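Asks: Sequence plus the predicted model coming up.
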Amino acid sequence: MNKHWIYVLAAGFLEIGWVSGLKHADSALTWGMTALAILISFWVLLEATRRLPVGTVYAVFTGIGTAGTVIAETVFFQEPFSWLKVLFILILLGGVVGLKLTTTEPDNPEPAEGANR
């Protein structure tokens, strides 16, 4: 796994935090942390798209965020558990893994022409 896939994972996990923050923030500090998580999450996601296919990166990012948010809300915020939710999360994750397995990375590790650093 190259570092750009690690960026995608990091952005996805940050998404879990900021999505939960949007729902549960109730002070200037928690709103500030939520805003910071949004900024860092999207910056890291943009860094990943410099070397990886945008469509696949976005699908993995949203898959991690969706599944992780449902799990976090159930574990930490007592949202109701549902086996149907689990089934749909597994279907979603199966699609994300399928995209990752079928995506070929470019032979040239350099960013596309016109990409700013």
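Replies: The structure has been received and is ready for your questions. Numbers count the residues shown, from 1 in each chain.
Asks: rest of the way, CA atoms for contacts and neighbours
Replies: OK.
Asks: Poorly predicted segments of the chain, please.
Replies: 1, 105-117 (pLDDT under 70).
Asks: all helices in the chain, in order from the N-terminus.
Replies: For the chain, the helices defined by DSSP state H cover 3-24, 28-48, 54-77, 83-102.
Asks: mind checking how far the second one is from the chain centre?
Replies: Same thing as helix 28-48. How far helix 28-48 lies from its chain's middle: 12 Å, per CA atoms, centre = their mean, to the nearest Å.
Asks: Run the angle between that helix and helix 54-77 for me.
Replies: Going by axes from the mean of the first three to the mean of the last three CA atoms, to 10 degrees, helix 28-48 is angled at 150 degrees with respect to helix 54-77.
Asks: so what does helix 28-48 touch, helix or strand wise?
Replies: helix 3-24, helix 54-77 (3 or more CA pairs under 8 Å, 6 or more residues apart in numbering; DSSP states H and E).
Asks: residues of that helix that come out buried?
Replies: 31, 33-34, 37-38, 41-42, 44-46, 48 (16 or more other CA atoms under 10 Å).
Asks: Mean neighbour count, the helices of the chain: which tops it?
Replies: Of all the helices of the chain, helix 3-24 has the most neighbours on average by mean count of other CA atoms under 10 Å, namely a mean of 20.
Asks: now that one: how far from the chain's centre is it?
Replies: 5 Å.
Asks: Same question for stretch 48-63.
Replies: Distance, centroid of stretch 48-63 to centroid of chain: 9 Å (CA atoms, centre = their mean).
Asks: Nice, that's everything, thank you.
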